[in-house]
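> Sequence first, then the predicted structure:
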Amino acid sequence: MFRGVLAAAAVALVLTAVPAGADEPVAPVDLGTLPGGLTSYGDRVSNSGMVFGTAFDKANNPRGARWDAAGRITELPPQPGYDTVDPVAITEDGVAIGNSVIADGSGRRATLWGASGVPVDLPPVPGYPSSTVAAINAHGIAVGYSYGTSAPDTAVEWDTARGTVTALGQGRGFAINDAGAVLSAYQGESKYWDPAGNLVPLEGGGTPADLDNAGTVVGSSGSHAARWDAAGHLTVLDTTWKFSTAEEIGEDGTIYGTVEAGDGSPRNLARWDPAGQLTVHPNPDGEWNRLGAANNTGSALVEIGGRDLVWGPGDRLTELRPLTEYAWCRAEDINDRGAVTGACTVLTRNLHALRWDLPVVGSW
């Protein structure tokens, strides 16, 4: 899964959370805040257990924050002249990428933070004042776009090791796989560039949402969930529901999305196995639900009726226990080993960043 968050090297095993008995709620670890600060929240978690998110300092200024696997926090400030940080991804060696943002929304600059925590500019292509980064792959190639002039927005790639920026063409890049294939969307037009930089037409048209390392793209075509192979050939995943969409694909081939009957009833969480077999999570009470992030080993974050859960192999649901009995929580990301990050309210009603560490099967 590469849409906006993935920056992990391939994992050799596909064993993941949810052994027998894992239906019991999993308690979180409170990651805490910056010294003197009251609020923090986690957005992205790497396979090594590092978390990238936001924390407020003692003057109540929002700052980027990185927690190592032991929970130690490092402040990640925005670039000079910018006010806040928008977290995007964290790599296996702890490199964080995101955006430095002016508080009134008048400008953004794509930014990288290495081990020192000093912000490094990922510049726009010449002629544009602003840049936004959306994803990074396992080889340090980031994708996003340059904007801020009368010219159309331009999808770009940054080679973070070499310090170069390359324009791909009109669009806003939002996903990249380890081979270098890129997805882009802008003003209703979607594009798929293969690793050589060639535009690949998506048969039947549609809206792509994610891609895997093999170049398989998922999204929707018309009103139905769809999958395209690396050559752009279309497979419609489902026509039994009036509306359906595919939103994420894992490296194990599992596809996650939603289906709707079109009769006014709430949407249902759905997933397709690598063979295309559809499983719909039953929603007999008509509760509101949300599909969050998915990992590469068969699990996804879901929210059902206000409860955060991990929907794992064998259709097991594992609830993520709140920090306290009446806390409000929001889970944001899950790694390939079952760790989840997000935030919960504490007694003062401030948010604290959390990590839930689910049990795993096998040796990592």
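Everything's here; your move.
> Show the low-confidence segments of the chain, by residue range.
1-23, 360-364 (pLDDT under 70).
> Now do the helices in it.
In order along the chain, the chain carries no helices (DSSP state H).
> Any figure for the gap between the residue nearest to residue 251 when sequence neighbours are not counted and residue 47?
Once flanking residues are discounted, residue 251 sits nearest to residue 296: 3.8 Å by CB to CB, 6 or more residues apart in numbering. The way it works is simple: take the backbone N, C-alpha and C, and place the C-beta from them, glycine included. Distance, residue 296 to residue 47, using CB to CB, to the nearest Å: 9 Å.
> Which positions in stretch 228-247 come out as buried?
228, 230, 232, 236-238, 241, 243-247 (16 or more other CB atoms under 10 Å).
> Leaving out chain neighbours, which residue sits closest to residue 46?
Nearest non-adjacent residue to residue 46, counting by CB to CB, 6+ apart: residue 90, 4.8 Å away.
> neighbours around that neighbour, how many?
Using other CB atoms under 10 Å, the number of residues around residue 90 comes to 31.
> partners of it in the sheet?
Taking DSSP bridges as the rule, residue 90 bridges to residue 96.
> do the same with residue 42
According to DSSP bridges, the partner residues bridging residue 42 are residue 53.
> ok, now which ones touch it?
Contact partners of residue 42, counting by CB atoms under 8 Å, 6 or more residues apart in numbering, are 31, 51-53, 67, 332-333, 341-343, 353-355.
> Quick check: the residue nearest to residue 46 touching residue 52?
Yes: between residue 90 and residue 52 a contact is recorded at 4.0 Å, counting by CB atoms under 8 Å.
> shared neighbours of those two, which are they?
With CB under 8 Å, 6+ apart as the test, residue 90 and residue 52 both reach 44-46, 66, 96.
> ok, now which ones touch residue 288?
266, 303-306.
> More neighbours: residue 296 and residue 47, which one.
residue 296 (26 against 20).
> Wait, that one touches residue 253, no?
No: contact criterion CB under 8 Å: residue 296 and residue 253 do not qualify, at 9.8 Å.
> Could I get the contacting residues of the closest residue in space to residue 235 that isn't next to it in sequence?
In this structure, residue 235 finds its nearest non-sequential neighbour in residue 227, 4.7 Å apart by CB to CB, 6+ apart. Shown in contact with residue 227 (CB under 8 Å, 6+ apart): 216-218, 234-235, 237, 246, 249, 255.
> If you go by neighbour count, which of the contacts of residue 288 are buried?
303-304.
> now the contacts of residue 42 in CSV, with distance to residue 206 and neighbour count?
Shown next, in CSV, are those (distance: CB to CB, whole Å; neighbours: other CB atoms under 10 Å):
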residue, distance to residue 206, neighbour count
31, 39, 22
51, 34, 33
52, 31, 31
53, 33, 30
67, 38, 25
332, 27, 23
333, 26, 27
341, 31, 31
342, 31, 27
343, 34, 27
353, 36, 29
354, 36, 29
355, 36, 22
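> of those residues, closest to residue 323?
Relative to residue 323, the closest of these is residue 354; by CB to CB it sits at 6.4 Å.
> what are the ranges of the strands in the stretch 101-250 of the chain?
For the stretch 101-250 of the chain, the strands defined by DSSP state E, counting those that start in this stretch occupy 108-113, 119-122, 130-136, 141-147, 154-159, 164-170, 173-176, 182-186, 189-193, 207-211, 217-221, 224-228, 234-236, 243-249.
> re the thing from before, point out the ones among the shared contacts of residue 90 and residue 52 that are inside strands.
With strands taken from DSSP state E, the overlap with the shared contacts of residue 90 and residue 52 comprises 44-45, 66, 96.
> about what we covered before: out of the strands of the stretch 101-250 of the chain, which gets nearest to residue 286?
Nearest to residue 286, of all these, is strand 243-249, at 16.3 Å by CB to CB.
> Just want the angle from that closest one to strand 224-228.
Per axes from the mean of the first three to the mean of the last three CA atoms, to 10 degrees, the angle that strand 243-249 makes with strand 224-228 is 40 degrees.
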